[in-house]
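# The amino acid sequence is not available; the structure is as follows:
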């Protein structure tokens with residue numbers, strides 16, 4: 001276990017928050033803004049002692065075919081990033097028919113357990129799409145509310161623009177008429193949270209693997225890349241490897257641990273291995289656990305062929 005007292009970093013003199021904003025934010029001092037009444041009562045950065053535990057080797061790089069509501073295989077403060085896309089509860093073959101409140105309570109149990117296993121400063125990234133039209137269900141706003149109630153700090157949200165790869169829809173409502181036109185979603189959300197403190201400490205001095213070009217692109221709040229075809233992967237709602245790859249590169253160091261509590265087809269695990277991270281994953285469906293294991297095995301075999309020792 002490593003204990004490091006978190007401390008504040010001194011900023012070099014730079015720009016400050018003004019009444020009408022500032023055109024450039026170089027070494028920007030925003031203390032005046034964050035000390036205002038707007039931020040009263042909100043979750044804030046905690047002054048804590050950094051603690052990190054190790055996951056037993058036999059539980060690393062493993063998929064557990066069980067619910068992630070109780071992750072007894074993972075000790076407190078041992079995971080550096082959670083990246084997942086939870087089941088949407090819309091009647092797909094892997095969904096249960098839960099009410100909205102039941103669905104939220106289920107996700108809260110999983111994300112409370114995730115909070116326990118994350119290291120201080122560890123991030124939780126949730127890919128989610130909103131649902132329906134009569135009425136529209138803003139799932140992302142409900143998840144934000146529940147995550148804040150658990151105690152997470154919110155870092156932002158990314159709009160994933162799927163462009164032409166989004167599922168085709170002719171649900172226009174009243175076509176070419178103002179009676180009842182319907183919006184057609186071509187985007188999903190990636191919600192970004194962290195535990196206790198905004199800063200991820202790195203006492204082991206692990207290596208950052210993100211390039212300058214990746215950093216400049218991935219820190220934008222809109223990402224544009226194609227969705228993954230379900231028929232190609234064998235799962236009804238897969239996300240493309242680009243999504244977890246970007247999050248892993250941006251929020252973790254080489255050798256860190258990535259958690260996916262809804263592993264599905266195993267894409268997050270493959271992205272972790274691709275970037276020389278470790279993974280731990282869960283799913284209640286044995287068919288998808290088997291599918292994920294098969295895809296991981298295939299990826300590792302391809303790596304041996306491409307990069308023989």
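Ah, there it is. The structure displayed is predicted, hence computed values, not measured ones.

# Test my guess that residue 69 contacts residue 111.
No. Contact between residue 69 and residue 111 fails when scored by Cβ atoms under 8 Å: they sit 10.0 Å apart. All C-beta atoms are positioned from the backbone trio N, CA, C, and that covers glycine.

# Just confirm residue 50 is within a strand.
Yes. Under DSSP: H, G, I helix; E, B strand; the rest coil, residue 50 falls within a strand.

# those helices in this structure, which residues are they?
31-34, 100-117, 139-150, 212-218, 230-233, 242-251, 267-274, 286-306 (DSSP state H).

# Mind telling me which of those the model trusts least?
Looking over the helices of the chain, mean pLDDT reaches its minimum on helix 230-233, with a mean of 53.

# And residue 69 and residue 111? Which one has more around it.
residue 111 (24 against 16; other Cβ atoms under 10 Å).

# Quick check: the more buried one vs residue 275, distance?
The gap separating residue 111 from residue 275 is 24 Å, by Cβ to Cβ, to the nearest Å.

# Equivalent analysis for residue 162, please.
Distance from residue 162 to residue 275, by Cβ to Cβ: 23 Å.

# so what's the spatially most central residue of the chain up against?
Nearest residue to the geometric centre of the chain (Cα atoms, centre = their mean): residue 125, 1.6 Å. Each residue near residue 125 by Cβ atoms under 8 Å, 6 or more residues apart in numbering is listed here: 81, 82, 83, 84, 190, 191, 192, 193, 247, 251.

# Now the fifth one: closest residue in space that isn't a chain neighbour?
This points to residue 190. residue 158 (4.0 Å; Cβ to Cβ, 6 or more residues apart in numbering).

# I'd like to know how many residues surround the one you found.
Neighbour count for residue 158, taken as other Cβ under 10 Å: 22.

# So for it, what pLDDT did the model give?
pLDDT, residue 158: 97.

# distance of it from residue 187?
10 Å.

# How about residue 45?
From residue 45 to residue 187 the distance is 30 Å (Cβ to Cβ).

# Tell me how many other residues crowd residue 222.
For residue 222, using other Cβ under 10 Å, the count is 9.

# Tell me which residues touch it, please.
158, 159, 161.

# could I get those as TSV with distance to residue 53?
Output for the contacts of residue 222, formatted as TSV (distance: Cβ to Cβ, whole Å):
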residue	distance to residue 53
158	29
159	35
161	38
